[in-house]
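K.L.:
Okay, predicted coordinates and the sequence, questions at the end:
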Amino acid sequence: MNKQTLSFQAEVKQILHLVTHSLYSNKEIFLRELISNASDACDKLRFEALNNSALYEDAPNLEVRVSFDAGAKTLTITDNGIGLSADEAVNNLGTIAKSGTREFMAALEGEQKKDAQLIGQFGVGFYSAFIVADRVTVESRRAGLPAEEGVRWSSDGSGDFEVETITRPQRGTSVTLHLREGEEEFLAGWKLRSIVGKYSDHISLPILMQKEEWDPEAKEQKKSDEWTAVNKASALWTRNKNEITPEQYVEFYKQISYDTEAPLTYTHNRVEGRSEYTQLLYIPSKAPFDLWNRDKRGGVKLYVRRVFIMDDAEALMPVYLRFVKGVIDSADLPLNVSRELLQESRDVKAIREGSTKRVLSMLESLADSEDEAERAKYAAFWKDFGQVLKEGVGEDHANQERLAKLLRFASTHADEGVSFVDYVKRMKDGQEAIYYVTADSLATAKSSPQLEIFRKKGIEVLLLVDRVDEWLLSHLYEFDGKPLQSVAKGAVDLGKLEDEEEKKHAEEVATAFKPTLDRLKETLKSRAKDVRVTTRLVDSPACLVVEEGDMSAHLARLLKQAGQDAPKALPILEVNAEHALVRRLEASEKFDDLANILFDQAMLAEGGQLEDPAAYVQRVNGLLLAA
């Protein structure tokens, strides 16, 4: 065939414009695409040679070679795979989404189709060469054809391409990129090796480059005639678990995470079914510095048939598990033209759900282990990652119950490590709710006056002091059928835990205190929604609570600190009618001052800020002078 000039298919012209201007955000992935295509060509040869071993000709060892010529400003990727005939070059390189894979797969029938799952191209990877090249030349010969039936294809990517017959003794394909001005960085051996290591390290056949040695006279690196593999050519996660040592798992983790410490735990599984994929997932032993950056990705690397696709595979792992590191390798995950995930794919959803469940299973095995050392690992995990895991309660309703079992808190019985399961086991006979209090710190929570009656009766109260806890409580209302009840909301009602004699005494005290109570309501009407006698206080004279359904004072403070407006709602002042200071109210000449001091002290006790600290100080000083 003499040299012919042909026009690209209209769609190819569009994709070339897209590729060179906006399709890929990272230039260096053109090498990933071309090496992937070369690997696919070798896979195809291997498959066709099952029925025709003569296709191997005199070169049975399949390989990919990467070379460059700094003087000519060219970069060449060569494979000895299946190759292209002249017709295939015209059809496959001039027509979009017709790389040969679609027709190749259509020719397979029955059980052969499953055997070919590792074979495939994505259709437009070849065109990524034009990101860095102003001309691309392809020379190829299909395995089994004579040397005289080689083909040369060439284009500057503008709209036309040239094709002609050449003599090519070796089978396979060479893709030569004539680099644009400013792309000289891809003419350095160290740069190309780093790209291969990053994106194609686990291609299952060797990727070779010429060895370079330092020439002291020329003061530069010189290429030798020796070719060496620059990839490991073995994907750890594709090997049988029984063949991998714990040390190898740890070393691989350090390689992909850049962590210097061993992981806390890991899981390696192959999932089969409608979606087939392999997962190798790790939980770090320490939190990274950017853990609280919810926009930060990079935990799970996505591969498709051992070809690296992306670092930030956020669609495969929920945000609250952003600390998980590892690899997911799918056999048939659908991608779009830029090898990005098709977010709404059922396969993506299945992998995401399966991987989430696998991570939760890892955590459960640590948390519920009978081995004290394993439980200690979970305690260490919770210390570093617990607040992030709490985000999942509101974000992942499908796994909310499992996540709730993994939560740990401080309580009036222990400073840390209390689970809902532990709490329920210790509930008093007749106790119907799980009680909690929220505060800015553990010290503030422990000293909260709302806890006094609970301490007196030996009822455990969870102490929630993380900023995320208020958000968590807006999504989690019960555990094991028992409602979560704030000790600072609504009137205290201990139900069966309060005997009839206590109830009767409380009613008598409230009746006797009514005149003083009415006076308190009038004095504090601008500051308190209501004033009432309470049984929740033992040692303190007063405390502040809110109505059921109202925003807690702690959450209101958090919103204010974040620069957001909280709904305006007056608190309720509850007083201990049997406290000496409250009794003194009735005969006090400074009733109004003392009433306001009670309110301000209750505000301070729960960690709040006074609207008028100076007025509080003046009132206290006045009482001190009077005394």
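P.N.:
Perfect, thanks for sending it.
K.L.:
elements contacting the helix or strand where H554 lies?
P.N.:
According to DSSP states H and E, H554 maps onto helix 553-561. Packing partners of helix 553-561 (3 or more CB pairs under 8 Å, 6 or more residues apart in numbering; DSSP states H and E): helix 469-473. For glycine as for every other residue, the C-beta is placed from the backbone atoms N, C-alpha and C.
K.L.:
Give the next helix or strand downstream of the helix holding H554.
P.N.:
Using DSSP H and E, the first helix or strand after helix 553-561 is strand 572-575.
K.L.:
ok, and what's touching the helix holding H554?
P.N.:
Applying CB atoms under 8 Å, 6 or more residues apart in numbering, the external contacts of helix 553-561 come out as 438-440, 467, 470, 488, 544, 546, 565-567, 569, 571, 606-609.
K.L.:
Show me the helices in the stretch 301-450 of the chain, by range?
P.N.:
With helices called from DSSP state H, counting those that start in this stretch, the stretch 301-450 of the chain shows them at 346-367, 372-395, 400-406, 420-425, 442-446.
K.L.:
Just put those helices in TSV and tack on mean pLDDT.
P.N.:
TSV is the format used below for the helices of the stretch 301-450 of the chain (pLDDT from 0 to 100):
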stretch	mean pLDDT
helix 346-367	92
helix 372-395	93
helix 400-406	96
helix 420-425	96
helix 442-446	91
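K.L.:
closest to F126 out of these?
P.N.:
Among those, the nearest to F126 by CB to CB is helix 346-367 (24.8 Å).
K.L.:
Next, K529: phi, psi?
P.N.:
With angles defined as degrees, to the nearest 10, K529 sits at phi -70, psi -30.
K.L.:
That one and Q485, how far apart?
P.N.:
Going from K529 to Q485 by CB to CB, to the nearest Å gives 20 Å.
K.L.:
Quick test: name the residue nearest the centre of this protein.
P.N.:
R322 (2.4 Å; CA atoms, centre = their mean).
K.L.:
nearest spatial neighbour of it, skipping sequence neighbours?
P.N.:
Leaving aside its sequence neighbours, R322 sits nearest to G299 (CB to CB, 6 or more residues apart in numbering; 5.6 Å).
K.L.:
ok, now which ones touch that neighbour?
P.N.:
317, 321-326.
K.L.:
Closest one to A404 out of these, please.
P.N.:
Distances from A404 to the contacts of G299, taken by CB to CB, are shortest for L321, at 15.8 Å.
K.L.:
And for the residue nearest to that closest one when sequence neighbours are not counted, the neighbour number?
P.N.:
Once flanking residues are discounted, L321 sits nearest to V359: 5.5 Å by CB to CB, 6+ apart. V359: 23 surrounding residues under other CB atoms under 10 Å.
K.L.:
how close does V359 get to E184?
P.N.:
Applying CB to CB to V359 and E184 gives a distance of 44 Å.
K.L.:
Just the buried ones out of the contacts of helix 553-561, please.
P.N.:
Buried by 16 or more other CB atoms under 10 Å: 438-440, 470, 488, 544, 546, 571, 606-608, out of the contacts of helix 553-561.
K.L.:
which of those lies closest to A331?
P.N.:
Closest to A331, out of all of those and judged by CB to CB, is E470, at 43.6 Å.
K.L.:
The closest one is in contact with V437, isn't it?
P.N.:
No. The pair E470 / V437 is not scored as a contact, 11.7 Å apart, by CB atoms under 8 Å.
K.L.:
which residues do the two both contact?
P.N.:
Shared contacts of E470 and V437, counting by CB under 8 Å, 6+ apart, come down to L464.
K.L.:
what sits against I195?
P.N.:
Contacts of I195 by CB under 8 Å, 6+ apart are 28, 31-32.
K.L.:
what pLDDT does it get?
P.N.:
The predicted structure scores I195 at 90 on the pLDDT scale.
K.L.:
where does it fall, helix, sheet strand or coil?
P.N.:
State at I195, reduced to three classes by DSSP: H, G, I helix; E, B strand; the rest coil: helix.
K.L.:
Low-confidence stretches in the stretch 101-250 of the chain?
P.N.:
By pLDDT under 70, the weakly predicted segments of the stretch 101-250 of the chain are 101-124, 218.
K.L.:
Count the neighbours of Q210 for me.
P.N.:
Considering only other CB under 10 Å, Q210 is surrounded by 16 other residues.
K.L.:
Quick check: closest non-adjacent residue to it.
P.N.:
That would be K223: by CB to CB, 6+ apart, it lies 4.3 Å from Q210.
K.L.:
Please identify the helix or strand for that neighbour.
P.N.:
Going by DSSP H and E, K223 is part of strand 220-229.
K.L.:
ok, that strand: who's next to it in the sheet?
P.N.:
strand 207-215 (antiparallel) (DSSP bridges).
K.L.:
Show me the contact partners of the strand it pairs with.
P.N.:
Applying CB under 8 Å, 6+ apart, the set of residues contacting strand 207-215 is 35, 63-67, 189, 192-193, 196, 200, 220-231, 233.
K.L.:
got the CA coordinates for it in PDB?
P.N.:
C-alpha atoms of strand 207-215 as PDB (Å, rounded to 0.1, in the frame of the first residue of the first chain):
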ATOM      1  CA  ILE A 207       8.700  -3.100  31.300                       C
ATOM      2  CA  LEU A 208      12.300  -2.700  30.200                       C
ATOM      3  CA  MET A 209      14.500   0.400  29.900                       C
ATOM      4  CA  GLN A 210      18.200   0.800  29.000                       C
ATOM      5  CA  LYS A 211      20.500   0.900  31.900                       C
ATOM      6  CA  GLU A 212      22.200   4.300  32.400                       C
ATOM      7  CA  GLU A 213      25.700   4.800  33.700                       C
ATOM      8  CA  TRP A 214      27.500   8.000  34.700                       C
ATOM      9  CA  ASP A 215      30.100   9.200  32.100                       C
END
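K.L.:
distance of P515 from K232?
P.N.:
For P515 relative to K232 (CB to CB), the value is 86 Å.
K.L.:
More neighbours: which of these two?
P.N.:
A side-by-side neighbour count of P515 and K232, using other CB under 10 Å, places K232 first with 15 against 9.
K.L.:
any idea whether the more buried one is helix, strand or coil?
P.N.:
Using three-state DSSP, the structure places K232 in coil.
K.L.:
just to revisit the earlier point, now which of the contacts of strand 207-215 would you call buried?
P.N.:
So, by 16+ other CB under 10 Å, the buried ones in the contacts of strand 207-215 are 35, 63-67, 189, 192-193, 196, 200, 223, 227, 230-231.
K.L.:
so which two of those are the farthest from each other?
P.N.:
S200 and K223 (20.3 Å).
K.L.:
which SS class is the nearest residue to L93 once chain neighbours are set aside?
P.N.:
Spatially, and ignoring its direct neighbours in sequence, L93 is nearest to W153 (5.4 Å; CB to CB, 6+ apart). With three-state DSSP as the basis, W153 sits in strand.
K.L.:
and W153, how many neighbours does it have?
P.N.:
When neighbours are counted by other CB under 10 Å, W153 registers 24.
K.L.:
Next: E372.
P.N.:
E372, neighbours per other CB under 10 Å, totals 8.
K.L.:
ok, it - contacts?
P.N.:
Taking CB under 8 Å, 6+ apart as the test, E372 contacts no residue whatsoever.
K.L.:
Buried ones in stretch 518-534, by neighbour count?
P.N.:
Neighbour-count burial for stretch 518-534 [16+ other CB under 10 Å]: 519-521, 523-524, 527-534.
K.L.:
thinking again about what came up before, S361 versus the residue nearest to L93, what's the distance?
P.N.:
From W153 to S361 the distance is 51 Å (CB to CB).
K.L.:
next one: K219
P.N.:
57 Å.
K.L.:
ok, these two, which is more surrounded?
P.N.:
Using other CB under 10 Å as the criterion, K219 and S361 rank with S361 on top: 12 against 7.
K.L.:
what's the distance between the residue nearest to that one when sequence neighbours are not counted and K191?
P.N.:
Among residues not flanking S361 along the chain, T267 sits closest, at 7.4 Å (CB to CB, 6+ apart). According to CB to CB, T267 and K191 sit 35 Å apart.
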